[in-house]
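Undergrad: Here is a sequence with its predicted model. Questions after.
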Amino acid sequence: MKNVFKLSFILAFVLTAFTASAQQPAKKARVSPPDTVRANLKKGKEVEIAYSQPSIKGRAIGTDLATYGKIWRTGANEATTISFSKDVKVEGKPLKAGKYALYTIPGENEWVIIFNSGIKNWGTVYKQEEDVLRVTVKTQNSPEFTEQLKFKIDKSGLISFMWGDKMVAFKVK
(Lines give C-alpha, C1' and ligand atoms only; values in the text may rest on other atoms or scores of the structure.)
Protein backbone atom coordinates (compact mmCIF):
# COMPACT_ATOMS: atom_id res chain seq x y z
CA MET A 1 0.00 0.00 0.00
CA LYS A 2 2.86 2.37 0.84
CA ASN A 3 4.41 1.71 -2.60
CA VAL A 4 1.14 2.58 -4.36
CA PHE A 5 0.94 5.83 -2.37
CA LYS A 6 4.57 6.75 -3.18
CA LEU A 7 4.07 5.92 -6.86
CA SER A 8 0.88 8.03 -6.99
CA PHE A 9 2.67 10.95 -5.32
CA ILE A 10 5.62 10.80 -7.76
CA LEU A 11 3.31 10.52 -10.77
CA ALA A 12 1.26 13.52 -9.59
CA PHE A 13 4.45 15.56 -9.06
CA VAL A 14 5.80 14.74 -12.54
CA LEU A 15 2.50 15.58 -14.24
CA THR A 16 2.22 18.87 -12.32
CA ALA A 17 5.78 19.86 -13.26
CA PHE A 18 5.21 18.95 -16.92
CA THR A 19 1.95 20.92 -17.08
CA ALA A 20 3.52 23.96 -15.42
CA SER A 21 6.46 24.01 -17.85
CA ALA A 22 4.13 23.67 -20.85
CA GLN A 23 2.26 26.79 -19.75
CA GLN A 24 5.32 29.08 -19.79
CA PRO A 25 4.80 31.99 -22.19
CA ALA A 26 6.66 31.80 -25.49
CA LYS A 27 9.66 34.09 -25.89
CA LYS A 28 8.81 37.29 -27.68
CA ALA A 29 10.37 37.89 -31.06
CA ARG A 30 12.89 40.72 -31.07
CA VAL A 31 11.48 44.06 -32.10
CA SER A 32 14.53 44.55 -34.35
CA PRO A 33 14.99 41.18 -36.06
CA PRO A 34 18.49 39.93 -36.91
CA ASP A 35 19.67 39.59 -40.50
CA THR A 36 22.87 38.60 -42.28
CA VAL A 37 24.00 39.43 -45.81
CA ARG A 38 26.94 37.83 -47.61
CA ALA A 39 28.63 38.21 -50.95
CA ASN A 40 31.69 37.04 -52.84
CA LEU A 41 33.55 39.93 -54.43
CA LYS A 42 36.29 39.83 -57.04
CA LYS A 43 39.48 37.89 -56.31
CA GLY A 44 37.72 35.56 -53.84
CA LYS A 45 37.04 38.23 -51.24
CA GLU A 46 34.08 37.28 -49.05
CA VAL A 47 32.10 39.90 -47.13
CA GLU A 48 29.52 39.28 -44.41
CA ILE A 49 27.43 41.77 -42.44
CA ALA A 50 25.45 40.65 -39.37
CA TYR A 51 23.04 43.20 -37.91
CA SER A 52 19.64 43.78 -36.34
CA GLN A 53 17.01 45.78 -38.23
CA PRO A 54 15.52 48.72 -36.32
CA SER A 55 12.31 50.23 -37.70
CA ILE A 56 11.54 53.88 -38.39
CA LYS A 57 8.05 53.76 -36.78
CA GLY A 58 7.22 57.33 -37.80
CA ARG A 59 10.43 58.78 -36.36
CA ALA A 60 12.97 60.95 -38.20
CA ILE A 61 16.57 59.99 -38.97
CA GLY A 62 18.94 62.67 -37.72
CA THR A 63 16.77 63.86 -34.84
CA ASP A 64 14.82 60.92 -33.34
CA LEU A 65 17.07 58.12 -34.66
CA ALA A 66 20.73 58.00 -35.67
CA THR A 67 21.25 61.56 -34.43
CA TYR A 68 23.33 63.72 -36.73
CA GLY A 69 26.86 64.27 -35.43
CA LYS A 70 26.74 61.42 -32.86
CA ILE A 71 28.05 57.86 -32.92
CA TRP A 72 25.42 55.32 -33.99
CA ARG A 73 25.78 51.54 -33.78
CA THR A 74 24.39 51.19 -37.32
CA GLY A 75 21.68 48.75 -36.33
CA ALA A 76 20.08 47.59 -33.11
CA ASN A 77 20.87 45.25 -30.22
CA GLU A 78 24.41 43.81 -30.43
CA ALA A 79 27.05 45.60 -32.46
CA THR A 80 26.65 45.29 -36.22
CA THR A 81 29.64 43.36 -37.56
CA ILE A 82 31.28 43.27 -40.95
CA SER A 83 33.92 40.71 -41.88
CA PHE A 84 36.31 40.36 -44.79
CA SER A 85 38.04 37.11 -45.74
CA LYS A 86 40.98 38.95 -47.34
CA ASP A 87 42.61 42.37 -47.07
CA VAL A 88 40.50 45.03 -48.81
CA LYS A 89 40.47 48.71 -49.63
CA VAL A 90 37.49 50.69 -48.37
CA GLU A 91 37.02 53.93 -50.29
CA GLY A 92 40.67 53.51 -51.33
CA LYS A 93 42.01 53.02 -47.77
CA PRO A 94 43.54 49.66 -46.73
CA LEU A 95 41.77 47.42 -44.20
CA LYS A 96 43.14 44.05 -43.04
CA ALA A 97 41.08 40.86 -43.33
CA GLY A 98 39.03 40.26 -40.20
CA LYS A 99 35.83 41.05 -38.36
CA TYR A 100 34.91 44.57 -37.26
CA ALA A 101 32.10 46.34 -35.44
CA LEU A 102 30.47 48.82 -37.79
CA TYR A 103 29.60 52.24 -36.38
CA THR A 104 28.67 55.44 -38.17
CA ILE A 105 28.42 59.14 -37.50
CA PRO A 106 25.35 60.27 -39.44
CA GLY A 107 25.25 63.66 -41.10
CA GLU A 108 22.81 65.56 -43.24
CA ASN A 109 25.04 65.38 -46.33
CA GLU A 110 27.68 62.79 -45.42
CA TRP A 111 28.21 59.90 -43.00
CA VAL A 112 31.43 58.68 -41.39
CA ILE A 113 31.77 54.88 -41.62
CA ILE A 114 33.81 53.44 -38.73
CA PHE A 115 35.43 50.00 -38.62
CA ASN A 116 36.11 49.21 -34.96
CA SER A 117 37.83 46.21 -33.35
CA GLY A 118 35.31 46.03 -30.45
CA ILE A 119 33.21 43.22 -31.94
CA LYS A 120 32.29 41.74 -28.54
CA ASN A 121 30.89 45.04 -27.23
CA TRP A 122 27.15 45.54 -26.93
CA GLY A 123 26.06 47.84 -29.76
CA THR A 124 25.91 50.98 -27.63
CA VAL A 125 29.40 50.44 -26.16
CA TYR A 126 31.77 52.39 -28.39
CA LYS A 127 35.46 53.00 -27.70
CA GLN A 128 37.17 55.35 -30.14
CA GLU A 129 40.59 53.89 -29.28
CA GLU A 130 39.40 50.63 -30.93
CA ASP A 131 38.81 52.35 -34.31
CA VAL A 132 40.75 50.72 -37.12
CA LEU A 133 39.53 52.80 -40.07
CA ARG A 134 37.22 55.74 -40.76
CA VAL A 135 35.95 56.84 -44.17
CA THR A 136 33.52 59.59 -45.08
CA VAL A 137 30.88 59.11 -47.79
CA LYS A 138 28.08 61.23 -49.22
CA THR A 139 24.51 60.54 -48.12
CA GLN A 140 22.03 59.74 -50.87
CA ASN A 141 18.27 59.58 -51.10
CA SER A 142 17.01 56.01 -50.99
CA PRO A 143 15.25 54.86 -54.18
CA GLU A 144 12.29 53.88 -51.97
CA PHE A 145 11.26 54.28 -48.34
CA THR A 146 12.65 51.42 -46.22
CA GLU A 147 10.92 50.89 -42.86
CA GLN A 148 13.52 48.47 -41.46
CA LEU A 149 17.27 48.99 -41.87
CA LYS A 150 18.49 46.91 -44.81
CA PHE A 151 22.08 46.21 -45.91
CA LYS A 152 22.99 45.21 -49.44
CA ILE A 153 26.32 43.99 -50.87
CA ASP A 154 26.71 44.28 -54.61
CA LYS A 155 29.18 41.89 -56.27
CA SER A 156 30.99 44.96 -57.64
CA GLY A 157 31.97 45.80 -54.04
CA LEU A 158 29.42 48.52 -53.35
CA ILE A 159 28.07 48.07 -49.82
CA SER A 160 25.01 50.10 -48.96
CA PHE A 161 22.36 50.39 -46.34
CA MET A 162 18.92 51.90 -46.72
CA TRP A 163 16.76 53.16 -43.90
CA GLY A 164 13.81 55.49 -44.17
CA ASP A 165 14.53 57.83 -47.06
CA LYS A 166 18.34 57.59 -46.63
CA MET A 167 20.92 55.48 -48.41
CA VAL A 168 24.58 55.32 -47.42
CA ALA A 169 27.07 53.46 -49.62
CA PHE A 170 30.79 52.76 -49.62
CA LYS A 171 33.08 50.99 -52.08
CA VAL A 172 35.15 47.91 -51.18
CA LYS A 173 37.84 46.49 -53.49
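TA: That came through, no problem. Bear in mind that the values here come from a model prediction, so they are computed numbers and not experimental data.

Undergrad: can we go C-alpha only for contacts and neighbour counts from here?
TA: Will do.

Undergrad: Stretch 50-70: end-to-end distance?
TA: Taking Cα to Cα, to the nearest Å, the first and last residues of stretch 50-70 lie 22 Å apart.

Undergrad: Report the buried residues of it.
TA: With burial defined by 16 or more other Cα atoms under 10 Å, the residues of stretch 50-70 counted as buried are Ala50, Tyr51, Ser52, Gln53, Pro54, Ser55, Ile56, Ile61, Ala66, Thr67, Tyr68.

Undergrad: Please apply the same query to stretch 152-164.
TA: Buried-residue list, stretch 152-164, by 16+ other Cα under 10 Å: Lys152, Ile153, Gly157, Leu158, Ile159, Phe161, Met162, Trp163, Gly164.

Undergrad: Please pull out the lowest mean pLDDT helix or strand from this structure.
TA: helix 2-22 (a mean of 48; mean pLDDT, DSSP states H and E).

Undergrad: Who are the packing partners of whatever helix or strand comes next after it?
TA: Using DSSP states H and E, the helix or strand that follows helix 2-22 towards the C-terminus is strand 34-40. Secondary-structure packing of strand 34-40 (3 or more Cα pairs under 8 Å, 6 or more residues apart in numbering; DSSP states H and E): strand 46-52, strand 131-153.

Undergrad: Which neighbouring elements make contact with the shortest one?
TA: Under the contact criterion of 3+ Cα pairs under 8 Å, 6+ apart, strand 46-52 touches strand 34-40, strand 81-84.

Undergrad: Could you list the low-pLDDT ranges of this structure?
TA: By pLDDT under 70, the weakly predicted segments of the chain are 1-30.

Undergrad: residue closest to the middle of it?
TA: Tyr51 (1.6 Å; Cα atoms, centre = their mean).

Undergrad: Name the residues linked to that one by a beta bridge.
TA: Note on Tyr51: beta-bridge partners by DSSP bridges are Asp35.

Undergrad: wait, it sits on Asp35?
TA: Yes. The pair Tyr51 / Asp35 is scored as a contact, 5.6 Å apart, by Cα atoms under 8 Å.
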